[in-house]
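Undergrad: here's a sequence, model it:
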Amino acid sequence: MPIIDVTLLEGRSKDEKNTLITELTNAAIRAIDAPPQSVRVILREVAPEHFAVAGISKADSGS
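TA: Next up is the predicted model:
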């Protein structure tokens, strides 16, 4: 059973998240011939102030 665990910044729409879930599921099906019902996708949303690159939070970086 593949488990795909994704961490991303908050702010994406429900439709965008559903598309990501569908595309990741389809990728696992194609790549390893996983049965669709066996694929698990976990989305973990992180507030921009809790995610940093090079010591600068995304909330403070403006990008």
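
Undergrad: quick one: strands adjacent to the strand or helix carrying Asp5?
TA: Using DSSP states H and E, Asp5 maps to strand 3-9. Applying DSSP bridges, strand 3-9 is found paired with strand 40-46 (parallel).

Undergrad: show residues contacting the strand it pairs with.
TA: Contacts with strand 40-46, where a contact means Cβ atoms under 8 Å, 6 or more residues apart in numbering, come from 1-10, 12, 17, 20-21, 24-25. For every residue, glycine as well, the C-beta is placed using N, CA and C.

Undergrad: what's the next helix or strand after it in contact with?
TA: Counting by DSSP H and E, the next helix or strand C-terminal to strand 40-46 is strand 52-53. Under the contact criterion Cβ under 8 Å, 6+ apart, strand 52-53 has outside partners Lys58, Ser61.

Undergrad: repeat that with 10 Å
TA: Lys58, Ala59, Asp60, Ser61, Ser63 (Cβ atoms under 10 Å, 6 or more residues apart in numbering).

Undergrad: swap in stretch 21-38?
TA: Met1, Pro2, Ile3, Ile4, Val6, Val39, Arg40, Val41, Ile42, Leu43.

Undergrad: chain neighbours aside, what residue packs nearest to the first one?
TA: For Met1, ignoring the flanking residues on the chain, the nearest one in space by Cβ to Cβ, 6 or more residues apart in numbering is Ser38 at 4.6 Å.

Undergrad: how many other residues sit next to the one you found?
TA: For Ser38, the neighbour count with other Cβ atoms under 10 Å is 13.

Undergrad: pull out the buried members of the contacts of stretch 21-38.
TA: Pro2, Val39, Val41 (16 or more other Cβ atoms under 10 Å).
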